[in-house]
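Engineer: Prediction below, plus the sequence it came from.
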Amino acid sequence: MKTIHFMGQRKWALLFSLALIVVSIGSLATRQLNWGLDFTGGTLVEVHYSATASLEAVRNTLETKGFAGATVVSFGSDRDVMIRLPQGYSDQQGTELLGVLQEAFVAVEPTGTVELRRTEFVGPQVGDELREQGGLALLLALALVTLYIAFRFQLKFALGAVAALIHDVIITVGFFSVTGMEFDLTVLAALMAVIGYSINDTIVVFDRIRENFRKIRRAEPAEVLDISITETLGRTLATSGTTLLVVVALALFGGEMIFGFAITLLVGITIGTYSSIYVASALVLMMGVTKDDLIPPAKEGIEQDNLTP
């Protein structure tokens, strides 16, 4: 197999990653996130029309009837509408909204009906708690990954892996800030899945690096990393490619409920695959990893060379 010189492009790749991180952090600082109902609190109402519903007409009706600030979007079809009311509206008002929509729709379609599919109410205190607990869950996941990698490999590998994970999380969250897409609990769940997927891919690469450092004696560290990444590239592309096919299908045909989940996985898996090669491995090389870092310490009375495969 012809070795691909990934590490020869590591400086350009790190500059690219740095640019993405700067854009993401800048957007988060200025635009922040479009928090979903789960985090901000408010009332969500899903209704089904017996005929095609005009979103503009629904917005105008709600505005004239005193439901200011309502967000109206299509939900899977042109007959399903999801309405989100900001804080200040009770769950009872969310139910009253159905009567307003029914009255307005009958004026246009005398035989038309509006059916309430679901209504949800989240208080502002619950939203704040979910936001805080979600952030703590991400930090805990990163801390546990650090301990695991340090125990299984070596501290330099742990630092490289965690830096790659932070890189993936910042860029994925920054994507939602730049695009203005809603950030809710399903997106947070997908973000946790991205962390697991990314670290799994990184561990596969690190395993081969450790194996080749012990097996290939007369090679520079950059060459060993290039060989290791090339050998695992087929597995990485096959796993990522098949996963992305499923995620794209979910994004296109899964409906509004899981659209954010699918987009998070789509962005996160793409960035995670890239970071396993050009962030985690490149940082390990920059920290000066050598064969000596991966050879087990010699036991008393046993030569070190005998421990090396």
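Structural biologist: Good, I have the coordinates. Residues are numbered from 1 along each chain as shown.

Engineer: how about the spatially most central residue of the chain, what does it touch?
Structural biologist: For the chain, L191 is the residue whose C-alpha lies nearest the centre (Cα atoms, centre = their mean; 3.4 Å). With contact taken as Cβ atoms under 8 Å, 6 or more residues apart in numbering, L191 is in contact with L138, V169, T172, V173, T264, G268. C-betas here are computed from N, CA, C, even on glycine.

Engineer: Out of those residues, which is nearest to S240?
Structural biologist: G268 (10.9 Å; Cβ to Cβ).

Engineer: What count of nearby residues applies to V22?
Structural biologist: 12 (other Cβ atoms under 10 Å).

Engineer: oh sorry, the question was meant for G196
Structural biologist: G196 has 13 neighbouring residues, counting by other Cβ under 10 Å.

Engineer: So for it, what pLDDT did the model give?
Structural biologist: pLDDT, G196: 83.

Engineer: Could you say which helix or strand holds it?
Structural biologist: Assigned by DSSP states H and E, G196 falls within helix 185-215.

Engineer: Can you list the buried residues in that helix?
Structural biologist: For helix 185-215, the buried set under the neighbour-count rule, 16 or more other Cβ atoms under 10 Å, comprises 186-188, 190-192, 194-195, 197-199, 201-206, 208-210, 212-214.

Engineer: Sketch out the strands for the stretch 101-250 of the chain, chain order is fine.
Structural biologist: Assigned by DSSP state E, counting those that start in this stretch, the stretch 101-250 of the chain shows strands spanning 114-122, 182-183.

Engineer: Please name every helix or strand in contact with the lengthiest helix in the chain.
Structural biologist: In the chain, assigned by DSSP state H, the helix with the most residues is helix 221-253. Under the contact criterion of 3 or more Cβ pairs under 8 Å, 6 or more residues apart in numbering; DSSP states H and E, helix 221-253 touches helix 185-215, helix 259-275, helix 281-286.

Engineer: With distance to L15 added, can I get those helices in CSV?
Structural biologist: Shown next, in CSV, are these (distance: least, Cβ to Cβ, whole Å):
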stretch, distance to L15
helix 185-215, 21
helix 259-275, 13
helix 281-286, 11
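
Engineer: so V289 sits in a strand?
Structural biologist: No. Checked against DSSP: H, G, I helix; E, B strand; the rest coil, V289 lies outside a strand; its state is coil.

Engineer: Could you tell me how far it is located from I199?
Structural biologist: The gap separating V289 from I199 is 18 Å, by Cβ to Cβ, to the nearest Å.

Engineer: So, low pLDDT: which residues of the chain?
Structural biologist: Residue ranges of the chain with pLDDT under 70: 1, 41, 76, 87-95, 122-128, 130-131, 292-309.

Engineer: quick check: domain ranges of it?
Structural biologist: By the assignment in automatic domain parsing, the chain contains the domains 7-35+126-293, 42-122.

Engineer: Point out the most buried one among those domains.
Structural biologist: domain 7-35+126-293 (a mean of 18; mean count of other Cβ atoms under 10 Å).

Engineer: Okay, and the beta partners of the closest residue to D80 other than its chain neighbours?
Structural biologist: Closest residue to D80 in three dimensions, ignoring its sequence neighbours and counting by Cβ to Cβ, 6 or more residues apart in numbering: H48, at 5.4 Å. In this entry, H48 is beta-bridged to D80, E115, by DSSP bridges.

Engineer: For the residue nearest to L244 when sequence neighbours are not counted, give its distance to V247.
Structural biologist: What sits nearest to L244 in space, not counting adjacent residues and going by Cβ to Cβ, 6+ apart, is I269, at 6.1 Å. Separation of I269 from V247 (Cβ to Cβ): 7 Å.

Engineer: For F39, find the nearest of the strands of the stretch 101-250 of the chain.
Structural biologist: So among the strands of the stretch 101-250 of the chain, strand 182-183 is nearest, using Cβ to Cβ, at 7.3 Å.

Engineer: Please name the strands paired to the closest one in the sheet, noting orientation.
Structural biologist: With DSSP bridges as the test, strand 182-183 is paired with strand 34-35 (parallel).
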